[in-house]
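Undergrad: Next input, structure requested:
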Amino acid sequence: MNDVVSEPYTGILGLHHLQLAIPAGAEDACRAFWCGLLGLTEVPKPPPMAARGGAWFRGTGFELHVGVDPAFTPAAKGHPAILVDDIDALSERLAAAGIAVTWSHDFPGHRHFYSPDPVGNRIEFISPDPVS
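TA: Next comes the predicted model:
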């Protein structure tokens, strides 16, 4: 920061989308996970971007984009935290699909767990804890 920027910007409205990297050819596995398992809707990518591969998905109030990265490495630390209404039902659904569910108890006021997406990116699912 410098003296020219003396006041913070106050026009941020929210989050439009987040992007996760995927390896080439993983789009169908991502569609099965994000749409088939989690209920997001695929939205068309603009034609100039569609040629790059990847896919775009829409949930309630957000978009999640998966983009092909030739030097792909799964995100092991940085991750999206997706707010859900019934965290127990979702954890059971993921476990029934053979996806690891790792609960964490270190965020007061919330219940949350981590699961990998089909290419190993860390995804957090979170819900307010009604008991707190």
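Undergrad: This structure: helices as residue ranges?
TA: All helices of the chain, identified by DSSP state H, fall at 27-31, 47-50, 87-96.
Undergrad: Measure how buried residue 124 is and give me the count.
TA: 17 (other C-beta atoms under 10 Å). C-beta: built from backbone N, CA, C; applies to glycine.
Undergrad: can you check residue 117 too?
TA: Neighbour tally, residue 117, other C-beta under 10 Å: 24.
Undergrad: Contacts only, for it.
TA: 20, 30, 33-34, 123 (C-beta atoms under 8 Å, 6 or more residues apart in numbering).
Undergrad: How about residue 122?
TA: For residue 122, the contacting residues are 74-79, 114, 116, by C-beta under 8 Å, 6+ apart.
Undergrad: so which of the residues you listed comes closest to residue 6?
TA: The nearest member of those to residue 6, counting by C-beta to C-beta, is residue 78 at 30.9 Å.
Undergrad: since we're on that closest one, how many residues are nearby?
TA: 9.
Undergrad: What score does the spatially closest residue to it that is not a sequence neighbour have for pLDDT?
TA: Counting by C-beta to C-beta, 6 or more residues apart in numbering, residue 78 lies nearest to residue 122, which is 7.6 Å off, once chain neighbours are set aside. As summarised for this prediction, residue 122 has a pLDDT of 98.
Undergrad: which residues does residue 122 bridge with?
TA: Judged by DSSP bridges, the bridge partners of residue 122 are residue 116.
Undergrad: can you tell me how far it sits from residue 94?
TA: As defined by C-beta to C-beta, to the nearest Å, residue 122 lies at a distance of 13 Å from residue 94.
Undergrad: Next up, the contacts around residue 43.
TA: Shown in contact with residue 43 (C-beta under 8 Å, 6+ apart): 56-58, 63.
Undergrad: Same question for residue 73.
TA: Per C-beta under 8 Å, 6+ apart, neighbours of residue 73: residue 21.
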